[in-house]
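Participant: A structural model of the following input is requested.
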Amino acid sequence: MKNVDFRYPGTDHNQLTDVNIKLTLSSRVAVIGANGAGKSTLIKMIVGETLPSNAEEKNTSFFLHHNLRIAYIAQHSFHHVEAHYEESPCAYIAWRFKESVDREKMESEGYRLSDEEKEKVQAWGLEGIWSRRMKAGRLEYEVKKRGVREKDNKYFTKEELLDMGFSRSVKQADEKVSPPACTHTPRERPHALIKNRGGAGSERPDRSLVAPTSAPDLAARWPPPLPPPTNHPPRSPPSTPVWTSAP
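Facilitator: A predicted model of the protein is given here:
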C-alpha cells in the first residue's frame with residue numbers, strides 16, 4: 001500500500017491520508033490509535049471491504065499477493081449475519097462458503113465487479129477464469145470464453161488481463177484457486193458441515209435461527225444483571241491441602 005488515501009462518500013475530508021504499509025509473511029502487526037483515528041477503516045481497506053479513494057492516481061499502489069488468503073471478523077460481530085436473521089446458522093454457512101469460496105467476500109466492494117468491468121466482460125465474451133499457472137517466471141491465467149470449447153481455452157498473463165480491464169475478475173480468480181490455509185486437510189463441503197454439526201442427543205443447530213441471537217436481542221440482554229448485594233465478602237477458593245505425617 002503506497003500513498004493511499006480514503007474518504008467516506010459524502011464527506012469533504014480524508015479519513016486516511018498518504019498511508020504507506022508493507023506487510024510480509026513474517027509480519028505480526030497490531031493497529032493501535034485513538035478513537036476515530038481510522039484503525040477499522042484501514043483494516044477494511046486491507047481485507048477488501050473498501051477501496052482507496054485515490055486508486056486512479058499514478059503514484060498510488062495497492063497490491064495483495066495472489067496467494068494471500070484473509071480471514072476477517074468485523075468489529076461489529078453481526079455485520080456478517082444481519083441479512084440472514086431468518087435463516088439457520090448452517091444455512092448461512094452453506095450460503096456463504098458454497099464451492100469453498102467466501103461468497104460474502106466476493107460481494108464486497110474490493111472484489112465485486114464494477115459496472116464498467118461487467119460491460120467489458122460482456123463485450124469480450126468472458127465466461128470465467130478457470131485456473132492459473134507459473135510459466136517462465138510469469139503468472140498466467142486460463143481464460144474460458146463463451147461459445148468456445150474447453151480444450152480451446154487460452155492463457156493470458158496477469159498484466160494482459162489487467163490491461164483489458166479485468167482486475168476484479170483476476171482478484172476473484174486468485175481467491176478461488178489460491179491454496180487453502182491447511183493444504184493437508186480436504187475442504188469440507190457445506191452439506192458435510194450440516195451433517196457433522198448434529199448428533200445423537202444434541203440440539204440440531206440447523207433447526208434454530210440466527211434471529212434469536214441478533215444484535216437487538218443481545219442489546220436487550222446486555223449488560224447482564226448484577227448479583228444481589230451482600231455484606232459478606234466473596235469466599236476465597238480453598239488452598240491446596242498440605243499433607244503431614246502423623247506425630
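Participant: show residues contacting the longest strand along the chain.
Facilitator: When the chain is parsed with DSSP state E, its longest strand is strand 126-135. Contacts of strand 126-135 with the rest of the structure, by C-beta atoms under 8 Å, 6 or more residues apart in numbering, involve 66, 120, 139-146, 153, 155, 161, 166, 169-170, 172-174, 177. (C-beta placed from N, C-alpha, C; glycine too.)
Participant: measure Ala123 to Gly33 for me?
Facilitator: To Gly33, Ala123 is 45 Å away according to C-beta to C-beta, to the nearest Å.
Participant: do Val121 as well
Facilitator: 39 Å.
Participant: just Arg138 next, same as before
Facilitator: 40 Å.
Participant: between these two, which has more neighbouring residues?
Facilitator: Arg138 (12 against 9; other C-beta atoms under 10 Å).
Participant: isn't that one right up against Phe156?
Facilitator: No. Arg138 lies out of contact with Phe156 (C-beta atoms under 8 Å); the separation is 10.5 Å.
Participant: tell me the buried residues within the contacts of strand 126-135.
Facilitator: Listed as buried from the contacts of strand 126-135 are 66, 139-144, 153, 161, 166, 169-170, 172-174, 177; burial here means 16 or more other C-beta atoms under 10 Å.
Participant: average pLDDT for stretch 2-15, rounded please.
Facilitator: Computed over stretch 2-15, the mean pLDDT rounds to 91.
Participant: who touches that stretch?
Facilitator: 16-20, 38, 41-42, 45, 50, 52-54, 57, 59-62.
Participant: now stretch 154-165
Facilitator: 66, 116-117, 120, 124, 129, 133, 135, 138-143, 167, 169-170.
Participant: His66 belongs to a helix, doesn't it?
Facilitator: No. Counting by DSSP: H, G, I helix; E, B strand; the rest coil, His66 is not part of a helix but coil.
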